[in-house]
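> Need the 3D shape of this:
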Amino acid sequence: GSRSRGMVMLFGLSRNTPNKFKACTSQSVRFFSVQGQDVFVQKFGGTSLGTPEKMEKVKNIVQKFHGENKGQVVAVVSALSSDTKAEGTTSRLLAAAAAAVNGGEFNTFLDKIEDTHMDVIYGLLKGKENRDNTKAYVISELNRVRTFCESLSVIQELSPRSHDLIIGCGERLSAGLLAGVLRENGTESVMVDLSDAFPNGLDTGRRGYHLEAKKTFKPLLEPLVNKGVVPVVTGFFGRIKGGIIKDIGRGYTDLTSALCAGALGAKQLQVWKESDGVFTGNPTKIEKATLLNLVTPGEAAELTYFGNEVLHPFTMGCCIEDQVPIAILNTFKPDGQGTRVINAEKEELAKRPGKFGIAAVCSKSSIPLLNMTSRGNLEAHQYPSKVFEAFARHKVKADLISTSMSNLTVTIHESTSKSQIDAVVADLEEFAHCELEMNKAIVSCIGVGMRHQKGIAAKVFEALSEGGVNIEMISQGASEINIAVVIDAEDMNKAIHLIHEEFLER
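Here you go, the predicted structure:
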């Protein structure tokens, strides 16, 4: 029962079972059921798992949906996290790797990770055998990372593959932990490790990669579900060509859960978070923001991209294709209605609080704005292509674009580094005068009901103008579900309140 550190044996499904990942089957059928019961895929974020009390709530949620006359659950988990990402397992793993590469002390970060997981083990696992097995697994995984960090301190370089080897530990730990907690409480469960699901590498930039992923995941999950076992799946899957963070991003567990749901034809994908669902505005900034009982997949995708982190963008495409309904729910209010992401009928959408078809307002700040005017040394048809060739060459992502014959204005995604921006501007100066402003904000009105609404854009601009907000750029896509404006960052909070008050409060 002591909490000493040491080398121990693995338990559960091992990463050293590649035969389980090589099977290939046909695409999934929709609404797969086991003995007449529906399959629910539940995704749990790291902050829903980070303490014994939180893990207990997650266990209760799984058991609420799993069992005879209830359904079959597949749980997909992120790495344990506290209330701040900096103190989460993934951030600490990355900090340990960076320290190792720079010849620094890395064990301190790993010790903190171990302590967090041991708190859950000793808080929730009372059976000696289960506790010892789970504890042994956690220590073994962290010892793998310690050994790997020692190697990094010698080679002093972190490749994308090494990066993935480090961060994948976080999901392996949380999956092993939740599986142990479920077993402790009478629910048969095993950890399913997807770290080596694609030994030859999966290219997420290739069209159809998700079909290959689903074919790989299905034979791993389906036999367990058929037996009534709860698979607890690592949100991390590998190997990803170029690295999972670079190619997919930090929200990769959302994508994993969507792929699992598609592979099994799940009745519903449940995304359990620390918020009640999707609101008409950011409830931490807008006091009168209200919960939306539903949003469409298109709205969810726009909200995610323009400031309201609903789901990872790749997730929406997978669920739309597989016709898997999504529910966004609160781990700490498991009986709450949450927000459904579905293709709703017009009548149902009309019941939402917004006027003129606007469902929500969202915003993001720290946006660079780049205005480019042609120097006249290129033909009109050559100018735009040269601009975006330069953007592609330096991997600079544009959010919004406004264009005329000789002028192009773009907002640059906030994840782009200043060095990338400087490099692309240097190339662009050969054929364009460039003006760069760094501290802008994008405010977006989102809603499928805005389609074919006459004068809605003018109403938005009037509300902002009367409130004293100057608009520097306007953009509306062909889908007509997003009207976005670029303003000074210092006016952002005023702008979202003006729009919310005018269009989203009844």
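> what about the spatially closest residue to Asn60 that is not a sequence neighbour, distance to Thr296?
Distances taken as CB to CB, 6 or more residues apart in numbering place Pro334 nearest to Asn60, at 7.1 Å, with adjacent residues excluded. For glycine as for every other residue, the C-beta is placed from the backbone atoms N, C-alpha and C. As judged by CB to CB, to the nearest Å, Pro334 and Thr296 stand 25 Å apart.
> follow-up on the earlier one: show the contacting residues for the residue nearest to Asn60.
57, 60-61, 64 (CB atoms under 8 Å, 6 or more residues apart in numbering).
> Please tabulate these in CSV, including the columns distance to Thr216 and neighbour count.
Shown next, in CSV, are those (distance: CB to CB, whole Å; neighbours: other CB atoms under 10 Å):
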residue, distance to Thr216, neighbour count
Lys57, 31, 18
Asn60, 31, 12
Ile61, 27, 20
Lys64, 29, 15
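> Which of the helices or strands spans the closest residue to Gly103 other than its chain neighbours?
Leaving aside its sequence neighbours, Gly103 sits nearest to Ser153 (CB to CB, 6+ apart; 5.8 Å). Counting by DSSP states H and E, the element that carries Ser153 is helix 128-155.
> Buried residues of that helix, list them for me.
130-131, 133-146, 148-149, 152-153 (16 or more other CB atoms under 10 Å).
> all helices of the stretch 251-400 of the chain, in order?
252-264, 297-305, 313-322, 346-349, 382-393 (DSSP state H, counting those that start in this stretch).
> For the fourth one, give me every contacting residue.
Counting contacts by CB under 8 Å, 6+ apart, the residues outside helix 346-349 that touch it are 294, 296, 359, 448-449.
> again, only using 6 Å
For helix 346-349, contacts defined as CB atoms under 6 Å, 6 or more residues apart in numbering pick out Gly449.
> Spatially nearest residue to the residue positioned nearest the centre of the chain (excluding sequence neighbours)?
By CA atoms, centre = their mean, the chain has its centre lying nearest to Gly251, at 2.5 Å. By the measure of CB to CB, 6+ apart, the closest residue to Gly251 outside its immediate chain neighbours is His312, 3.7 Å from it.
> Ok, Thr339 next?
Gly277 (3.2 Å).
> can you pull the contacts of that neighbour?
291, 328, 338-339.
> Show only the entries of the residues you listed found in strands.
Residues of the contacts of Gly277 located in strands (DSSP state E): 328, 339.
> Just the buried residues out of the contacts of Gly277, in PyMOL syntax.
Burial among those is assessed by 16+ other CB under 10 Å; the matching PyMOL selection reads:
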select buried, resi 291+328+338+339
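> of the contacts of Gly277, closest to Met316?
Comparing the contacts of Gly277 against Met316 with CB to CB places Ile328 closest, at 12.1 Å.
> Dig out what that closest one forms beta bridges with.
Taking DSSP bridges, one obtains Val271, Thr339 as the residues bridged to Ile328.
> does the residue lying closest to Lys288 once chain neighbours are set aside sit in a helix or strand, and which one?
Distance criterion CB to CB, 6+ apart; nearest residue to Lys288, sequence neighbours excluded, is Glu505 at 5.5 Å. Glu505 belongs to no helix or strand when elements are defined using DSSP H and E.
> Please report the distance of Arg451 from Gly477.
11 Å.
> how about the strands of the stretch 301-450 of the chain, start to end?
For the stretch 301-450 of the chain, the strands defined by DSSP state E, counting those that start in this stretch cover 326-330, 339-341, 360-374, 398-403, 407-412, 432-446.
> most tightly surrounded among these?
Counting by mean count of other CB atoms under 10 Å, strand 339-341 has the highest mean neighbour count of those, with a mean of 24.
> re the thing from before, and the pLDDT for the residue nearest to Gly251?
His312 is assigned a predicted lDDT (pLDDT) of 74.
> That one: how many residues sit nearby?
Neighbour count for His312, taken as other CB atoms under 10 Å: 21.
> Pretty sure it sits against Ser257.
No: with contact defined as CB atoms under 6 Å, His312 does not count as touching Ser257 (9.4 Å).
> Give the residue spans of the stretch 1-150 of the chain that score low on pLDDT.
Within the stretch 1-150 of the chain, the stretches with pLDDT under 70 are 1-36, 84-86.
> repeat that for 90
Applying pLDDT under 90 to the stretch 1-150 of the chain flags the ranges 1-37, 67-70, 82-87.
> Strands along that one, start to end?
Taking DSSP E, counting those that start in this stretch as the criterion, the stretch 1-150 of the chain contains strands spanning 33-34, 37-44, 72-77.
> so can I have CSV of the helices of the stretch 251-400 of the chain showing mean neighbour count?
Output for the helices of the stretch 251-400 of the chain, formatted as CSV (neighbours: other CB atoms under 10 Å):
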stretch, mean neighbour count
helix 252-264, 29
helix 297-305, 23
helix 313-322, 21
helix 346-349, 12
helix 382-393, 16
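> Let's have the ones you listed in TSV, adding distance to Val230.
What follows is the helices of the stretch 251-400 of the chain, written out as TSV (distance: least, CB to CB, whole Å):
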stretch	distance to Val230
helix 252-264	13
helix 297-305	27
helix 313-322	21
helix 346-349	33
helix 382-393	44
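> Which of those sits closest to Arg207?
That would be helix 313-322 among the helices of the stretch 251-400 of the chain, by CB to CB, at 11.4 Å.
> name the helices or strands packed onto that closest one?
helix 252-264, helix 297-305 (3 or more CB pairs under 6 Å, 6 or more residues apart in numbering; DSSP states H and E).
> which of those helices has the lowest average pLDDT?
Mean pLDDT across the helices and strands packed on helix 313-322 is lowest at helix 297-305; the value there is a mean of 87.
> Report the angle between that one and strand 326-330.
50 degrees (axes from the mean of the first three to the mean of the last three CA atoms, to 10 degrees).
> show me the contacts for Ala327.
With CB under 6 Å, 6+ apart, Ala327 has these contacts: 268, 270, 338, 340.
> Name the nearest of those residues relative to Met191.
Gln270 (19.5 Å).
> List the contacts of Gly336.
With CB under 6 Å, 6+ apart, Gly336 has these contacts: 276, 330.
> What's the per-residue pLDDT of it here?
Residue-level pLDDT assigned to Gly336 equals 91.
> just the one 3 residues further on next, same as before
At Thr339, the pLDDT value in this model is 94.
> Great, nothing more from me.
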